[in-house]
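**Q** Structure for this input, please:
(chains A, B, C, D, E and F)
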Protein chains: 6
Amino acid sequence: MATVKLWSDAEAEADPRVRAVFADIRATRGSDFINNFWRGLANDPGLLERTWTSLKTVMGPGSLDPLTKELVYIAVSIANGCPYCIHSHTAAAGAKGLTPEQHGEFLAVVGMANQTNALVNGMQIPVDAAFKVGES
Amino acid sequence: MATVKLWSDAEAEADPRVRAVFADIRATRGSDFINNFWRGLANDPGLLERTWTSLKTVMGPGSLDPLTKELVYIAVSIANGCPYCIHSHTAAAGAKGLTPEQHGEFLAVVGMANQTNALVNGMQIPVDAAFKVGES
Amino acid sequence: MATVKLWSDAEAEADPRVRAVFADIRATRGSDFINNFWRGLANDPGLLERTWTSLKTVMGPGSLDPLTKELVYIAVSIANGCPYCIHSHTAAAGAKGLTPEQHGEFLAVVGMANQTNALVNGMQIPVDAAFKVGES
Amino acid sequence: MATVKLWSDAEAEADPRVRAVFADIRATRGSDFINNFWRGLANDPGLLERTWTSLKTVMGPGSLDPLTKELVYIAVSIANGCPYCIHSHTAAAGAKGLTPEQHGEFLAVVGMANQTNALVNGMQIPVDAAFKVGES
Amino acid sequence: MATVKLWSDAEAEADPRVRAVFADIRATRGSDFINNFWRGLANDPGLLERTWTSLKTVMGPGSLDPLTKELVYIAVSIANGCPYCIHSHTAAAGAKGLTPEQHGEFLAVVGMANQTNALVNGMQIPVDAAFKVGES
Amino acid sequence: MATVKLWSDAEAEADPRVRAVFADIRATRGSDFINNFWRGLANDPGLLERTWTSLKTVMGPGSLDPLTKELVYIAVSIANGCPYCIHSHTAAAGAKGLTPEQHGEFLAVVGMANQTNALVNGMQIPVDAAFKVGES
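**A** Have a look, this model is predicted:
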């Protein structure tokens, strides 16, 4: 159950901006499947356009490999507690070659990070001078 | 300012369990530097031992490359709002070869994930059947 | 499935403190409907009384308009990942006149804030002197 | 640096509602010290009154011992990343008898919980039927 | 201390993409002041451009008034624990007319939302059928 | 629906490391029941072993009583929004003697902490000198 309408293909077809984004998603992914996230964003065509354009750019070719980007995406989604995002990006990572062994190792890193984040915050550890490499 | 004492090298030297962990950290990292996190954990030698042992295992050689693991670690630390962890693991990622270009791209992915996590949660998007690949 | 009993009207009727709060909720809202949140809090009549009294005061007439307050409420609930709260306050915002256009714009602001929160935390941006307007 | 004014004793003295709350804090705690949190809340006397009244009730005598309540309070503050709250309630726990050994054990539990929360979320583990003990 | 370089005006001037964004920020805001957030993002000109373009669109004129948008922004930043964002957007809200009375009332709503989010999550309250107004 | 396979008893029996952990869980708890969390972790025997060993140590006998540890665990799980963890540890707390009265009081403390965390963050209250008891 969503708090907004999830647009059907027919509804998307009737709105030129939504239709264009859905077409680009299909062309970019080489698949007819449009997942629910985009069907919800369609309620605000401007938000749909901006989100898709940014996502395509950010997750597209660059200096980090695609699988690493998916793992970073899932890590954030786990920390934020977003079940939909965890499912969709774990599926995407699988499609990009994530092996069960890598998945286990990834989960171990995420768990470790959450644990030490809590230990650090609980002890309110001051940042070592050696880590202060940036400006200001 | 921490909520616990940060152990000096002299204090660590006087406790056999803390001394052993500090020695292993130095040997593993090939550096004399012990950052504040471990100096805080030293107040509970058992917690120090368990945390170091797990961290060494989880962040050690495996099926994911070391830089990817650091990026996942930073992503979690950003989502959890742990300044110390962000600083220490960004420094570690730099030591493992993170380029400024990769850092920018990484931040873009983290920002994107946080944004879409919020959009998904706000719309309460139901998980697509296509993503239900696991058991149960 | 809750971790506590959800009180029926009959059970509420049998406890004078719960009965009084339920009656005040109905009178204040001009509706017979008592949502599950209050039926769960009824297990601790003191907590039920304090929570309802505070909520009635905080969400009641004041210097901010009621719809703005609901949007702030939903924004917090999205960031905290509370599906129930997102559903109930999105419904409340709708009852107070939130249009689909405003809903989309609201979600865009929430998404933007989550994104820039992450970018700021990731870069550990120091607060500009110009923003230091408070005391201490 | 706060985003609001922190009220001095002289300023508090000039507002009857703030004066009354500050007097009750001092009487309840048997100390002249008023920490900054209350000096910030004084900008909204109604919020100050409601927050103090609730806190006094919730943290006062009941079925859980005072130290347990402080530990629960710190655990939440760590998970939420609130440095002020971690400092103030760790100090309060110390005043209520928290030993260094208990502090270490407490931190270990908090760290463990954060780790397993992440593992569970990452794997999207379904709730076992055996845990469904509540109603609805 | 940031984890990235904060670009000076001279450095920004030397990069055409950064120079263009900084110029647009100044023109849009009618002020010469460029806050640190943008000086950090300048390390990745593409991320700088996308973030500024989105922010200008999302926070610009629309169906919600500008002050409401700032309050939503601060609410998210508080829940996420982003001190920089809280400072910068509280300053922005002040510039858009937020009164101290409204600020107090806003904080009370944010506090209330965080409290009830926790109570709801703790009790795992199921969503009432009456709130299921969306599709799917 | 999980993102990983949940191992059956037959599958666990066929892997010596998983079998050994499951046997120790059963022996330690004096019950044949293995909850889904462990069945998911079984996909990575090393992660399963480390997590179980740590959990057994951390939640075992020590200087804090078992019920207090469970309450701290639930508090973290509520703040992190982990439904599974809230259910499983609320059940565990019940098995360790948590009364309905204590549960209500616990929830009140958790709600209060979340509320004041938000108020403190929103006001960006500086830490009182009196609370600076640690080193560094």
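
**Q** longest helix in chain A, by residue count?
**A** Longest helix of chain A, by residue count under DSSP state H: helix A:100-123.

**Q** relative to helix D:100-123, how tilted is that helix?
**A** Relative orientation of helix A:100-123 versus helix D:100-123 (axes from the mean of the first three to the mean of the last three CA atoms, to 10 degrees): 140 degrees.

**Q** can you dump the C-alpha coordinates of helix A:100-123 into PDB?
**A** C-alpha atoms of helix A:100-123 as PDB (Å, rounded to 0.1, in the frame of the first residue of the first chain):
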ATOM      1  CA  PRO A 100      26.800 -15.000  -2.600                       C
ATOM      2  CA  GLU A 101      30.300 -14.900  -1.100                       C
ATOM      3  CA  GLN A 102      30.600 -11.200  -1.900                       C
ATOM      4  CA  HIS A 103      27.100 -10.500  -0.500                       C
ATOM      5  CA  GLY A 104      28.100 -12.200   2.800                       C
ATOM      6  CA  GLU A 105      31.300 -10.200   3.000                       C
ATOM      7  CA  PHE A 106      29.400  -7.000   2.200                       C
ATOM      8  CA  LEU A 107      26.900  -7.600   4.900                       C
ATOM      9  CA  ALA A 108      29.800  -8.200   7.400                       C
ATOM     10  CA  VAL A 109      31.300  -4.900   6.500                       C
ATOM     11  CA  VAL A 110      28.000  -3.100   6.900                       C
ATOM     12  CA  GLY A 111      27.400  -4.800  10.200                       C
ATOM     13  CA  MET A 112      30.900  -3.900  11.400                       C
ATOM     14  CA  ALA A 113      30.500  -0.300  10.400                       C
ATOM     15  CA  ASN A 114      27.200   0.000  12.200                       C
ATOM     16  CA  GLN A 115      28.700  -1.500  15.300                       C
ATOM     17  CA  THR A 116      31.800   0.700  15.400                       C
ATOM     18  CA  ASN A 117      29.700   3.800  14.600                       C
ATOM     19  CA  ALA A 118      27.800   3.100  17.700                       C
ATOM     20  CA  LEU A 119      30.900   2.400  19.800                       C
ATOM     21  CA  VAL A 120      32.500   5.600  18.600                       C
ATOM     22  CA  ASN A 121      29.400   7.700  19.200                       C
ATOM     23  CA  GLY A 122      29.000   6.100  22.600                       C
ATOM     24  CA  MET A 123      32.500   7.000  23.700                       C
END
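
**Q** Can you mark which positions in it are buried?
**A** A:102-123 (16 or more other CB atoms under 10 Å in any protein chain shown). All C-beta spots, glycine's among them, are computed from the backbone N, C-alpha and C.

**Q** Please give the element, helix or strand, for the residue most central in space within chain A.
**A** Nearest to the mean C-alpha position of chain A, by CA atoms, centre = their mean, lies A:Y73 at 4.5 Å. Element membership for A:Y73 (DSSP states H and E) is helix A:66-80.

**Q** Mind checking if the helix or strand that that helix is followed by is in reach of chain E?
**A** Moving toward the C-terminus from helix A:66-80, the next helix or strand (DSSP H and E) is helix A:83-95. No: judged by CB under 8 Å from any CB of the partner chain, helix A:83-95 and chain E are separated, with a smallest distance of 11.8 Å.

**Q** between helix A:83-95 and helix A:100-123, how many degrees?
**A** Using the same axes, to 10 degrees: helix A:83-95 against helix A:100-123 is 140 degrees.

**Q** by contact count, what packs against helix A:83-95?
**A** Contacts defined by 3 or more CB pairs under 8 Å, 6 or more residues apart in numbering or on different chains; DSSP states H and E place helix A:83-95 against helix A:36-41, helix A:66-80, helix B:100-123, helix D:100-123.

**Q** So is the shortest one next to chain F?
**A** No: between helix A:36-41 and chain F, judged by CB under 8 Å from any CB, nothing touches; the nearest distance is 14.7 Å.

**Q** what about dumping the CA coordinates of that helix to CSV?
**A** Output in CSV follows, covering the C-alpha atoms of helix A:36-41 (Å, rounded to 0.1, in the frame of the first residue of the first chain):
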residue,chain,number,x,y,z
ASN,A,36,7.0,0.8,-8.7
PHE,A,37,9.4,3.6,-7.6
TRP,A,38,9.0,5.3,-10.9
ARG,A,39,5.3,4.6,-11.0
GLY,A,40,5.0,6.5,-7.8
LEU,A,41,7.2,9.4,-8.8
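
**Q** follow-up on the earlier one: so how far is the longest helix of chain A from its chain's centroid?
**A** 19 Å (CA atoms, centre = their mean, to the nearest Å).

**Q** Show me what counts as buried in the helix or strand hosting A:W52.
**A** Assigned by DSSP H and E, A:W52 belongs to helix A:45-59. By 16+ other CB under 10 Å, the buried positions in helix A:45-59 come out as A:P45, A:L47, A:L48, A:E49, A:R50, A:T51, A:W52, A:S54, A:L55, A:V58, A:M59.

**Q** thinking again about what came up before, would you mind pulling the contact partners of the helix holding A:Y73?
**A** Here helix A:66-80 makes contact (CB atoms under 8 Å, 6 or more residues apart in numbering or on different chains) with A:58-59, A:85-86, A:89-90, A:92-93, A:96-98, A:106, A:109-110, A:113-114, B:64, B:68, B:71-72, B:75-76, B:78-80, B:105-106, B:109-110, B:112-114, B:117-118, B:121, C:81, C:118, D:118, D:121-122.

**Q** at 6 Å instead, please
**A** A:59, A:85-86, A:89-90, A:92-93, A:96-97, A:106, A:110, B:68, B:71-72, B:75-76, B:79-80, B:109-110, B:113-114, B:117, D:118, D:121-122 (CB atoms under 6 Å, 6 or more residues apart in numbering or on different chains).
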